[in-house]
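Colleague: predicted model follows, preceded by the sequence.
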Amino acid sequence: MGRLDGKVALVTGAARGQGRSHALRLAQEGADVIAVDRCADMPTVGYPLATEEDLAETVRQVEALDRRIVARVADVRDTAALRAAVDEGVAELGRLDIVLANAGIASFAPVEDLTDEMWDEMIDVNLTGVFKTVRAAVPHLRAHGQGGAIVLTSSTAGIKGLGNLAHYVAAKHGVVGLVKTLANELAPDMIRVNSVHPTSVSTDMIHNRKTYGNFVPDKPEDEVTRDDVAPMFQGLNALPVPWVESADISNAILWLVSDDARYVTGVQLPVDAGSVIK
C-alpha cells in the first residue's frame, strides 16, 4: 500500500526536472497525476525549457508505474488554459487532493540591468502563475470535502536575498506570503498549504551555459564546465555539496502531502544543505 493510494495530484512544470521527479515520487506512492507544462521557450530565459517530448516522457514514466496520468500543455500564466487543464484532469481522474505549484524560471542580472520584460516574465511565472494554479485547483480540493494538501515551490531566495536575482527573490518571497494567507484561508476545509525552499538543484535550470556564466564571468560561456562552477555552488551551502537532487525535494514534498504531516500547515521547509543558516 502506498501513502497516497486513491489520491490525485496536480503538478505544474511536470515535463522534466523537479516537476517530473515530484510526479514520479507521488505516483510511486499510489497517486494519479495531472501533469501541466508550457513546453516552450521564453524570451528572457537563457536556457532551453521543456518540450512536448519531455512531457510525453513524464507520461511514459508515470504509466510505467501503473498509475494514470493526464498531461496537458498549458502556460501557468494563462487562466483559461490552466483551468481547462485542471478541469479536464479532474473529470478524467475523478478528484483532486494534492497541488504542487512547481513551474518556474530563472534568469540573472544586477538590478540596474533588469529589463521590464525580465521582471514581468519572472513575476508572471514564478508568482502569478503559482496563484493562478492554486485558484484553478481550490474548487476541486473543496469539492470532495476530505481536505487536501498544497505545496508551493519557493527557494532559499524566498528566505534570504541573493545578488543578481532581485526579480527572482521578489517572486519567491511573494510565494511565502501566499502560503501564509492560503494556510489560514483554507484551514477550515482541512486543506494544508506549505512551501519548500530548495538550494540549487541539479536540473537544467542551473546546468546550462547561461547560468554557469554568472558564476565564472571572466571565462567565455561556452567554455565554462560543471567542474568550474561546482566550488562556487558549494560555497552557497553549509554542507559540503554544490547542489541537491530533485529526489531530495520530492521526498520532502511527499512528507508534506502525506498523512504523516496531517497537522503541518503554513510552514516554510528548507531543503537546502544548510544554505539559509550560512
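Modeller: Alright, I've got the coordinates.
Colleague: rest of the way, CA atoms for contacts and neighbours
Modeller: OK.
Colleague: pLDDT wise, what is the nearest residue to Thr203 once chain neighbours are set aside at?
Modeller: In this structure, Thr203 finds its nearest non-sequential neighbour in Gly17, 5.4 Å apart by C-alpha to C-alpha, 6 or more residues apart in numbering. Looking at Gly17, its pLDDT is 98.
Colleague: swap in Asn126?
Modeller: So, for Asn126, pLDDT stands at 98.
Colleague: and it, what does it touch?
Modeller: Ala103, Gly104, Ile105, Tyr168, Ala171, Lys172 (C-alpha atoms under 8 Å, 6 or more residues apart in numbering).
Colleague: try Ser200
Modeller: If a contact means C-alpha under 8 Å, 6+ apart, then Ser200 has Ile206, Phe233, Pro242, Trp243, Val244, Asp272 as its contacts.
Colleague: TSV for those residues, including secondary structure and neighbour count?
Modeller: TSV is the format used below for the contacts of Ser200 (DSSP: H, G, I helix; E, B strand; the rest coil; neighbours: other C-alpha atoms under 10 Å):
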residue	secondary structure	neighbour count
Ile206	coil	18
Phe233	helix	19
Pro242	coil	20
Trp243	coil	21
Val244	strand	17
Asp272	coil	25
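Colleague: now flag whichever of those residues is closest to Thr199.
Modeller: Taking C-alpha to C-alpha as the measure, Thr199 lies nearest Asp272 of those, at 4.3 Å.
Colleague: for Ile105, see how far away the closest one is.
Modeller: 18 Å (C-alpha to C-alpha, to the nearest Å).
Colleague: in the chain, which spans are strands?
Modeller: 8-12, 32-37, 69-73, 98-101, 148-153, 191-198, 268-271 (DSSP state E).
Colleague: okay, now the sheet partners of the fifth one, with direction.
Modeller: Sheet pairing of strand 148-153 (DSSP bridges) gives strand 98-101 (parallel), strand 191-198 (parallel).
Colleague: cool, the last one as well?
Modeller: Using DSSP bridges, strand 268-271 pairs in its sheet with strand 191-198 (parallel).
Colleague: how far does the strand it pairs with sit from the chain's center?
Modeller: Relative to its parent chain, strand 191-198 has a centroid offset of 11 Å by C-alpha atoms, centre = their mean, to the nearest Å.
Colleague: same deal with stretch 158-169?
Modeller: How far stretch 158-169 lies from its chain's middle: 16 Å, per C-alpha atoms, centre = their mean.
Colleague: buried ones in that stretch?
Modeller: Across stretch 158-169, burial judged by 16 or more other C-alpha atoms under 10 Å covers Gly158, Ile159, Asn164, Leu165, Ala166, His167, Tyr168, Val169.
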